[in-house]
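S.K.: what follows is a predicted structure for the sequence shown.
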Amino acid sequence: MVYELPVIDFSNFEKRSSIISQEILDACKTIGFFYVINHQIPKEMVQEAFALSKKFYDLPIEKKEAVAIKNNRGYTGLYVQKLDPDTQKQGDHKEAFNFGPFISSKYNYPLPEVFAESKPQLEKFSSKCHATLVHILEAFAIALEIPEEEGGRKYFSRTHKYDDPDCTETLRFLKYPRNVESSYKEPVRAGAHTDYGSLTLLFQKDIGGLEVQASRTEWISAPIIENAILGGAFDFWSNGLFKSTMHRVTQLPEHQTHDRYSIAFFGQPASNTPLTAIPSKIIPKERPVHKEIPEHLQNKILTSGDYLQLRLNAAYQSSNQVLVE
Ligand SMILES: O=C(O)CCC(=O)C(=O)O
Ligand SMILES: [Fe+2]
(Lines give C-alpha, C1' and ligand atoms only; values in the text may rest on other atoms or scores of the structure.)
(Ligands and ions follow the chains in the order given, each with its own letter.)
Protein backbone atom coordinates (compact mmCIF):
# COMPACT_ATOMS: atom_id res chain seq x y z
CA MET A 1 0.00 0.00 0.00
CA VAL A 2 1.31 3.42 -0.89
CA TYR A 3 0.83 5.97 1.83
CA GLU A 4 0.42 9.61 1.06
CA LEU A 5 -0.56 12.33 3.45
CA PRO A 6 -4.08 13.56 2.62
CA VAL A 7 -4.64 17.21 1.73
CA ILE A 8 -7.86 18.56 3.22
CA ASP A 9 -9.42 21.70 1.77
CA PHE A 10 -11.03 23.80 4.50
CA SER A 11 -12.65 26.32 2.18
CA ASN A 12 -16.42 26.90 2.59
CA PHE A 13 -16.38 25.03 5.87
CA GLU A 14 -19.99 25.84 6.76
CA LYS A 15 -21.31 24.42 3.48
CA ARG A 16 -18.92 21.49 3.32
CA SER A 17 -18.52 20.65 7.00
CA SER A 18 -19.76 17.07 6.75
CA ILE A 19 -17.37 16.21 3.87
CA ILE A 20 -14.43 17.94 5.55
CA SER A 21 -15.16 16.25 8.87
CA GLN A 22 -15.32 12.85 7.22
CA GLU A 23 -11.98 13.49 5.51
CA ILE A 24 -10.45 14.48 8.85
CA LEU A 25 -11.84 11.36 10.51
CA ASP A 26 -10.52 9.09 7.76
CA ALA A 27 -7.08 10.75 7.92
CA CYS A 28 -6.87 10.51 11.70
CA LYS A 29 -8.00 6.88 11.86
CA THR A 30 -5.42 5.78 9.35
CA ILE A 31 -2.35 7.89 8.77
CA GLY A 32 -2.73 10.33 11.70
CA PHE A 33 -1.40 13.28 9.71
CA PHE A 34 -2.98 15.54 7.15
CA TYR A 35 -2.36 18.83 5.37
CA VAL A 36 -4.88 21.62 5.65
CA ILE A 37 -5.17 24.07 2.78
CA ASN A 38 -7.37 27.16 2.50
CA HIS A 39 -7.24 27.67 6.23
CA GLN A 40 -7.63 31.09 7.79
CA ILE A 41 -4.02 32.00 8.52
CA PRO A 42 -2.78 34.48 5.93
CA LYS A 43 0.50 33.51 4.31
CA GLU A 44 2.03 36.91 5.16
CA MET A 45 1.39 36.29 8.82
CA VAL A 46 3.28 32.99 8.66
CA GLN A 47 6.14 34.62 6.73
CA GLU A 48 6.38 37.38 9.34
CA ALA A 49 6.49 34.80 12.12
CA PHE A 50 9.37 33.02 10.38
CA ALA A 51 11.19 36.35 9.96
CA LEU A 52 10.80 37.06 13.67
CA SER A 53 12.04 33.59 14.50
CA LYS A 54 15.19 34.16 12.43
CA LYS A 55 15.77 37.50 14.15
CA PHE A 56 15.76 35.73 17.51
CA TYR A 57 18.00 32.85 16.44
CA ASP A 58 20.53 35.31 14.98
CA LEU A 59 21.12 36.69 18.49
CA PRO A 60 24.29 35.75 20.35
CA ILE A 61 23.91 32.60 22.42
CA GLU A 62 24.10 34.49 25.77
CA LYS A 63 20.97 36.48 24.88
CA LYS A 64 19.14 33.27 24.07
CA GLU A 65 20.33 31.49 27.17
CA ALA A 66 19.13 34.43 29.26
CA VAL A 67 15.58 33.24 28.48
CA ALA A 68 16.23 29.52 29.08
CA ILE A 69 13.22 27.26 29.32
CA LYS A 70 11.27 27.12 32.57
CA ASN A 71 7.74 25.86 33.02
CA ASN A 72 7.85 24.80 29.38
CA ARG A 73 8.26 28.42 28.23
CA GLY A 74 11.46 29.87 26.85
CA TYR A 75 14.58 28.78 24.99
CA THR A 76 16.03 25.29 24.59
CA GLY A 77 19.52 25.03 23.15
CA LEU A 78 21.09 22.48 20.85
CA TYR A 79 21.01 18.88 22.08
CA VAL A 80 18.92 19.66 25.18
CA GLN A 81 15.70 17.90 24.25
CA LYS A 82 15.55 14.23 23.27
CA LEU A 83 12.32 13.58 21.45
CA ASP A 84 13.15 9.86 21.36
CA PRO A 85 14.71 9.32 24.80
CA ASP A 86 14.71 5.50 24.51
CA THR A 87 16.88 5.46 21.38
CA GLN A 88 18.82 8.69 21.15
CA LYS A 89 22.28 8.93 22.65
CA GLN A 90 22.52 12.62 21.90
CA GLY A 91 19.81 15.24 22.13
CA ASP A 92 18.11 16.78 19.11
CA HIS A 93 20.16 18.98 16.83
CA LYS A 94 17.77 21.89 17.18
CA GLU A 95 17.03 25.07 19.06
CA ALA A 96 13.51 25.95 20.14
CA PHE A 97 11.61 28.78 21.77
CA ASN A 98 8.27 28.01 23.44
CA PHE A 99 5.66 30.71 23.92
CA GLY A 100 2.59 30.53 26.12
CA PRO A 101 -0.58 32.45 25.26
CA PHE A 102 -0.51 36.23 24.80
CA ILE A 103 -3.61 37.84 26.16
CA SER A 104 -4.20 41.51 25.36
CA SER A 105 -0.43 41.81 24.94
CA LYS A 106 0.06 40.54 28.48
CA TYR A 107 2.62 37.83 28.61
CA ASN A 108 3.66 36.23 31.87
CA TYR A 109 6.90 34.51 30.90
CA PRO A 110 10.40 35.76 30.08
CA LEU A 111 10.74 37.24 26.60
CA PRO A 112 13.84 38.48 24.80
CA GLU A 113 13.65 42.01 23.49
CA VAL A 114 13.11 40.98 19.84
CA PHE A 115 9.92 39.24 20.89
CA ALA A 116 8.89 41.75 23.55
CA GLU A 117 8.85 44.53 20.97
CA SER A 118 6.69 42.40 18.65
CA LYS A 119 4.10 41.29 21.19
CA PRO A 120 1.07 42.48 19.19
CA GLN A 121 2.33 40.58 16.12
CA LEU A 122 3.03 37.44 18.15
CA GLU A 123 -0.35 37.66 19.81
CA LYS A 124 -2.11 37.95 16.45
CA PHE A 125 -0.28 34.96 15.03
CA SER A 126 -0.59 32.80 18.11
CA SER A 127 -4.29 33.52 18.61
CA LYS A 128 -4.91 32.86 14.92
CA CYS A 129 -3.18 29.48 15.30
CA HIS A 130 -5.42 28.78 18.29
CA ALA A 131 -8.56 29.75 16.34
CA THR A 132 -7.52 27.49 13.46
CA LEU A 133 -6.82 24.66 15.84
CA VAL A 134 -10.28 25.03 17.42
CA HIS A 135 -11.80 25.14 13.94
CA ILE A 136 -10.15 21.84 13.02
CA LEU A 137 -11.22 20.39 16.36
CA GLU A 138 -14.76 21.39 15.45
CA ALA A 139 -14.44 19.14 12.40
CA PHE A 140 -13.28 16.35 14.73
CA ALA A 141 -16.37 16.88 16.93
CA ILE A 142 -18.70 16.80 13.93
CA ALA A 143 -17.11 13.58 12.67
CA LEU A 144 -17.37 12.04 16.13
CA GLU A 145 -21.07 12.97 16.29
CA ILE A 146 -20.73 14.32 19.81
CA PRO A 147 -24.25 14.75 21.28
CA GLU A 148 -25.56 18.31 21.68
CA GLU A 149 -25.90 17.92 25.45
CA GLU A 150 -22.15 17.26 25.59
CA GLY A 151 -21.37 20.36 23.56
CA GLY A 152 -21.88 18.94 20.05
CA ARG A 153 -19.51 20.53 17.54
CA LYS A 154 -18.24 22.89 20.27
CA TYR A 155 -17.19 20.01 22.53
CA PHE A 156 -13.45 20.65 22.17
CA SER A 157 -13.81 24.45 22.37
CA ARG A 158 -14.94 24.03 25.97
CA THR A 159 -11.53 22.71 26.98
CA HIS A 160 -9.42 24.68 24.50
CA LYS A 161 -9.65 28.28 25.61
CA TYR A 162 -6.78 30.57 24.82
CA ASP A 163 -7.44 32.82 27.82
CA ASP A 164 -7.93 29.98 30.33
CA PRO A 165 -5.40 30.33 33.20
CA ASP A 166 -4.82 26.58 32.82
CA CYS A 167 -4.10 26.84 29.09
CA THR A 168 -0.89 24.96 28.30
CA GLU A 169 -0.97 25.45 24.54
CA THR A 170 2.43 26.22 23.12
CA LEU A 171 3.59 28.11 20.09
CA ARG A 172 7.10 26.94 19.24
CA PHE A 173 9.68 28.44 16.90
CA LEU A 174 12.27 25.86 15.85
CA LYS A 175 15.64 26.12 14.17
CA TYR A 176 17.82 23.26 13.01
CA PRO A 177 21.16 24.96 12.37
CA ARG A 178 23.21 23.94 9.35
CA ASN A 179 26.65 22.25 9.52
CA VAL A 180 26.06 19.34 11.78
CA GLU A 181 29.11 18.94 14.00
CA SER A 182 31.26 15.91 13.30
CA SER A 183 30.74 14.83 16.90
CA TYR A 184 27.02 14.59 16.26
CA LYS A 185 26.27 10.97 15.50
CA GLU A 186 22.49 10.75 15.42
CA PRO A 187 20.96 9.98 11.99
CA VAL A 188 18.09 12.31 12.85
CA ARG A 189 17.95 15.95 13.83
CA ALA A 190 14.80 15.49 15.92
CA GLY A 191 14.14 12.02 17.28
CA ALA A 192 11.10 9.91 16.39
CA HIS A 193 8.18 10.76 18.64
CA THR A 194 4.47 11.31 18.89
CA ASP A 195 3.23 14.69 20.05
CA TYR A 196 1.84 15.36 23.50
CA GLY A 197 -1.39 17.24 22.95
CA SER A 198 -4.74 17.15 21.21
CA LEU A 199 -3.66 18.41 17.81
CA THR A 200 -0.47 19.94 16.43
CA LEU A 201 -0.28 22.46 13.64
CA LEU A 202 3.05 22.54 11.86
CA PHE A 203 4.42 25.15 9.45
CA GLN A 204 7.41 24.20 7.34
CA LYS A 205 9.54 26.52 5.26
CA ASP A 206 12.02 26.01 2.39
CA ILE A 207 13.91 23.02 3.75
CA GLY A 208 12.22 19.65 4.21
CA GLY A 209 13.24 16.76 6.41
CA LEU A 210 10.07 15.88 8.26
CA GLU A 211 9.17 12.22 7.97
CA VAL A 212 6.09 10.38 9.15
CA GLN A 213 5.81 6.71 9.98
CA ALA A 214 2.70 6.31 7.95
CA SER A 215 2.59 2.52 7.71
CA ARG A 216 3.81 2.16 11.32
CA THR A 217 7.03 0.61 9.96
CA GLU A 218 8.19 2.68 7.02
CA TRP A 219 8.98 6.37 6.95
CA ILE A 220 7.60 8.64 4.28
CA SER A 221 8.50 12.22 3.67
CA ALA A 222 6.05 15.00 4.59
CA PRO A 223 7.06 17.48 1.89
CA ILE A 224 6.50 21.21 2.07
CA ILE A 225 3.21 22.20 0.49
CA GLU A 226 2.86 25.92 -0.19
CA ASN A 227 0.67 27.62 2.45
CA ALA A 228 -0.45 24.34 3.95
CA ILE A 229 -0.47 23.48 7.62
CA LEU A 230 0.37 19.96 8.61
CA GLY A 231 -1.89 18.58 11.32
CA GLY A 232 -1.31 15.61 13.61
CA ALA A 233 -3.92 13.98 15.83
CA PHE A 234 -4.22 12.48 19.30
CA ASP A 235 -4.51 8.82 20.23
CA PHE A 236 -4.49 9.01 24.02
CA TRP A 237 -7.70 10.98 24.45
CA SER A 238 -9.49 9.14 21.63
CA ASN A 239 -8.71 5.74 23.15
CA GLY A 240 -6.64 4.86 20.14
CA LEU A 241 -9.25 5.73 17.48
CA PHE A 242 -7.05 8.49 16.13
CA LYS A 243 -3.45 7.66 15.44
CA SER A 244 -0.74 9.78 17.00
CA THR A 245 1.77 8.96 14.34
CA MET A 246 5.50 8.83 14.94
CA HIS A 247 7.40 11.52 13.12
CA ARG A 248 10.97 12.79 13.09
CA VAL A 249 13.22 15.26 11.33
CA THR A 250 15.81 13.31 9.42
CA GLN A 251 19.19 14.48 8.10
CA LEU A 252 19.12 15.57 4.48
CA PRO A 253 22.18 16.65 2.47
CA GLU A 254 20.81 20.21 2.26
CA HIS A 255 20.90 20.46 6.04
CA GLN A 256 24.68 20.76 5.79
CA THR A 257 24.38 24.06 3.99
CA HIS A 258 21.00 25.48 5.02
CA ASP A 259 19.36 26.23 8.33
CA ARG A 260 15.95 24.67 8.66
CA TYR A 261 13.18 26.62 10.39
CA SER A 262 9.78 25.33 11.37
CA ILE A 263 6.95 26.50 13.61
CA ALA A 264 4.64 24.29 15.65
CA PHE A 265 1.50 25.13 17.54
CA PHE A 266 0.68 22.43 20.07
CA GLY A 267 -3.00 22.26 21.01
CA GLN A 268 -3.71 21.05 24.53
CA PRO A 269 -6.87 20.75 26.57
CA ALA A 270 -6.57 22.97 29.70
CA SER A 271 -4.28 21.24 32.17
CA ASN A 272 -7.09 20.39 34.63
CA THR A 273 -9.13 18.51 31.97
CA PRO A 274 -9.59 14.84 32.86
CA LEU A 275 -8.88 12.80 29.74
CA THR A 276 -11.93 10.60 30.10
CA ALA A 277 -13.41 8.98 26.99
CA ILE A 278 -14.75 11.51 24.50
CA PRO A 279 -18.56 11.18 24.46
CA SER A 280 -18.96 9.60 21.04
CA LYS A 281 -20.28 6.25 19.96
CA ILE A 282 -17.36 6.00 17.53
CA ILE A 283 -14.73 6.25 20.31
CA PRO A 284 -13.69 2.91 21.89
CA LYS A 285 -14.84 2.67 25.52
CA GLU A 286 -11.50 1.36 26.80
CA ARG A 287 -8.09 2.95 26.47
CA PRO A 288 -5.59 0.54 24.93
CA VAL A 289 -2.19 0.12 26.60
CA HIS A 290 -0.32 3.35 25.96
CA LYS A 291 3.40 2.89 25.62
CA GLU A 292 4.30 6.39 26.78
CA ILE A 293 2.90 6.02 30.29
CA PRO A 294 4.15 3.84 33.16
CA GLU A 295 2.33 0.63 33.99
CA HIS A 296 0.82 1.81 37.28
CA LEU A 297 -0.95 4.65 35.46
CA GLN A 298 -2.32 2.59 32.57
CA ASN A 299 -5.84 2.29 34.04
CA LYS A 300 -5.93 5.66 35.75
CA ILE A 301 -7.66 8.76 34.49
CA LEU A 302 -5.00 11.35 33.80
CA THR A 303 -5.55 15.04 33.33
CA SER A 304 -4.18 16.74 30.26
CA GLY A 305 -1.58 18.40 32.54
CA ASP A 306 -0.48 15.03 34.03
CA TYR A 307 -0.04 13.56 30.60
CA LEU A 308 1.91 16.55 29.31
CA GLN A 309 4.17 16.46 32.35
CA LEU A 310 4.95 12.75 31.88
CA ARG A 311 5.96 13.33 28.30
CA LEU A 312 8.03 16.43 29.08
CA ASN A 313 9.84 14.67 31.91
CA ALA A 314 10.86 11.88 29.52
CA ALA A 315 12.01 14.26 26.79
CA TYR A 316 14.11 16.46 29.07
CA GLN A 317 15.29 13.80 31.53
CA SER A 318 18.95 14.29 30.76
CA SER A 319 18.76 18.03 31.19
CA ASN A 320 18.78 19.68 34.58
CA GLN A 321 16.22 22.24 33.66
CA VAL A 322 13.13 22.47 35.80
CA LEU A 323 10.20 22.45 33.46
CA VAL A 324 7.17 22.72 35.64
CA GLU A 325 7.58 23.72 39.23
O1 LIG B 1 10.37 20.71 12.97
C2 LIG B 1 9.55 19.93 12.55
O3 LIG B 1 9.23 19.87 11.35
C4 LIG B 1 8.87 18.96 13.49
C5 LIG B 1 8.91 19.37 14.93
C6 LIG B 1 8.16 18.44 15.81
O7 LIG B 1 7.70 17.40 15.42
C8 LIG B 1 7.94 18.80 17.23
O9 LIG B 1 8.56 19.78 17.72
O10 LIG B 1 7.15 18.11 17.90
FE1 LIG C 1 6.31 16.56 16.82
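M.R.: All right, it came through fine. Ligands and ions are numbered 1, 2, ... in the order given.

S.K.: right, and residue 258 touches residue 206 too?
M.R.: Yes. Using C-beta atoms under 8 Å, residue 258 is in contact with residue 206, at 7.2 Å. Just so you know, the C-beta spots here come from the backbone N, C-alpha and C atoms, and that holds for glycine as well.

S.K.: neighbour count: these two, which is higher?
M.R.: residue 258 (15 against 12; other C-beta atoms under 10 Å).

S.K.: do you know how far that one is from ligand 1?
M.R.: From residue 258 over to ligand 1 the distance is 14 Å, taken as C-beta to the nearest ligand atom, to the nearest Å.

S.K.: got a list of what that residue touches?
M.R.: 178, 206, 207 (C-beta atoms under 8 Å, 6 or more residues apart in numbering).

S.K.: ok, so of those, who is nearest residue 41?
M.R.: Of all the contacts of residue 258, residue 41 sits closest to residue 206, with 17.8 Å by C-beta to C-beta.

S.K.: how about the nearest residue to the residue in the stretch 151-300 of the chain positioned nearest to ligand 1, chain neighbours excluded?
M.R.: Of all residues in the stretch 151-300 of the chain, residue 262 sits closest to ligand 1, at 3.5 Å by C-beta to the nearest ligand atom. Leaving aside its chain neighbours, residue 262 sits nearest to residue 174 (4.7 Å; criterion: C-beta to C-beta, 6 or more residues apart in numbering).

S.K.: which element, helix or strand, includes the closest residue to residue 180 other than its chain neighbours?
M.R.: Nearest residue to residue 180 in three dimensions, chain neighbours excluded: residue 93, at 5.9 Å (C-beta to C-beta, 6+ apart). Counting by DSSP states H and E, no helix or strand carries residue 93.

S.K.: residue boundaries of the strands in the stretch 151-300 of the chain?
M.R.: 170-176, 188-193, 199-205, 210-212, 220-221, 229-232, 247-250, 260-267 (DSSP state E, counting those that start in this stretch).

S.K.: what does this protein have sitting close to ligand 1?
M.R.: Within the chain, the positions near ligand 1 by C-beta under 6 Å from any ligand atom are 174, 190, 195, 202, 204, 210, 247, 249, 262, 264.

S.K.: for the first one, which residues make a bridge with it?
M.R.: So the one you mean is residue 174. Following DSSP bridges, residue 174 is listed with bridge partners residue 96, residue 262.

S.K.: so residue 272 versus residue 165, what's the distance?
M.R.: 10 Å (C-beta to C-beta, to the nearest Å).

S.K.: the two: who's more crowded?
M.R.: residue 272 (14 against 11).

S.K.: list phi and psi for that one.
M.R.: Dihedral pair for residue 272: phi -90, psi 10, per degrees, to the nearest 10.

S.K.: isn't the residue of the stretch 151-300 of the chain closest to ligand 1 right up against residue 204?
M.R.: Yes. The criterion here is C-beta under 8 Å, and residue 262 meets it with residue 204 at 5.3 Å.

S.K.: so residue 25 sits in a strand?
M.R.: No. Using DSSP: H, G, I helix; E, B strand; the rest coil, the assignment for residue 25 is helix, not a strand.

S.K.: what about the residue lying closest to it once chain neighbours are set aside, distance to residue 155?
M.R.: Distances taken as C-beta to C-beta, 6+ apart place residue 143 nearest to residue 25, at 3.7 Å, with adjacent residues excluded. Distance, residue 143 to residue 155, by C-beta to C-beta: 11 Å.

S.K.: please identify which helix or strand holds residue 98.
M.R.: Judged by DSSP H and E, residue 98 forms part of strand 95-99.
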